[in-house]
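Enquirer: let's see this in three dimensions:
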Amino acid sequence: MTNRVTLIGKLLDAPKLRTFEARGGTIEIVSLWIEVSDGQRHDRFNVEINDAKAALAAKAMRKDVLVEVTGKLRHDRWKHKETNAWTGKVFVAIDPGDGGVRSKGMAPEQPDAA
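Expert: Sure thing, here's the model as predicted:
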């Protein structure tokens, strides 16, 4: 079964960089927050990039850029430390050699709702 998703949307904020210590080295994750709109509905997605080539492209982007993202849909779960309740999130993951991100130019201005 193939798990692949492609989104085209507006970058809502500058890319966020997180670094983790793992197995004697470091892992760098670049996160993007994008909004996909059909004119009536606005859906927001978190994209986590763990691919060096895609991360380099994403770091060069800025807020309000139109981006095309191809990756895998993932679900992450964890127990909250204080409440001991399970929580989770769904996000798009770009792993090494499996997906990518590219700029499609500046996003068009949205007219103000009256």
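
Enquirer: all strands of the chain, in order?
Expert: Applying DSSP state E to the chain gives strands spanning 5-11, 16-22, 25-37, 42-49, 65-79, 86-94, 100-106.

Enquirer: would you turn those strands into CSV with distance to Leu56 and mean neighbour count?
Expert: Using the backbone N, CA and C atoms, a C-beta is placed for each residue, glycine as well. Below are the strands of the chain laid out as CSV (distance: least, CB to CB, whole Å; neighbours: other CB atoms under 10 Å):
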stretch, distance to Leu56, mean neighbour count
strand 5-11, 16, 18
strand 16-22, 12, 10
strand 25-37, 9, 16
strand 42-49, 9, 18
strand 65-79, 14, 15
strand 86-94, 12, 15
strand 100-106, 10, 15
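
Enquirer: spatially central residue for the protein, please.
Expert: Val47 (1.4 Å; CA atoms, centre = their mean).

Enquirer: pull the contacting residues for it.
Expert: Contacts for Val47 (CB atoms under 8 Å, 6 or more residues apart in numbering) come out as Leu7, Ser31, Leu32, Trp33, Ile34, Val69, Gly71, Phe91, Val92, Ala93, Ile94, Val101.
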